[in-house]
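J.: Take this sequence and fold it.
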Amino acid sequence: MEKIIYSINIEDVQTVAQEEYGRVLTPDELKKVEDKIGDYFGWYDAIDMLICDQLELPHKENLSAE
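T.: Predicted coordinates:
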């Protein structure tokens, strides 16, 4: 089994709904969010920026210029 580094659960979604819209989402609304949430995350770029920031590794395009 692969270790999950980060996940978003229903409680996270409902917290945002309550704080931003003053209510909880219905099961149908939750399904819509669940079906599309991955489309709104630039996970590749987030991981790339984190590696660069935290490990201070040069990007491959910068390596070819050296």
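J.: Grab the most central residue of this structure for me.
T.: Centroid-nearest residue in the chain, with CA atoms, centre = their mean: Phe41, separated by 4.7 Å.
J.: What backbone torsions are found at that residue?
T.: Main-chain dihedrals, Phe41, degrees, to the nearest 10: phi -110, psi 120.
J.: Relative to Ile10, how far out is Val24?
T.: 10 Å (CB to CB, to the nearest Å). C-beta coordinates here come from the backbone N, C-alpha and C atoms, glycine included.
J.: before we move on, what about Thr26?
T.: 12 Å.
J.: same check, this time on Gly38
T.: Gly38 is 15 Å from Ile10, by CB to CB.
J.: more crowded one of these two?
T.: Taking other CB atoms under 10 Å, Gly38 and Ile10 do not tie; Ile10 has more neighbours (13 against 9).
J.: Wait, Leu57 touches Ile51, no?
T.: Yes: using CB atoms under 8 Å, Leu57 is in contact with Ile51, at 5.9 Å.
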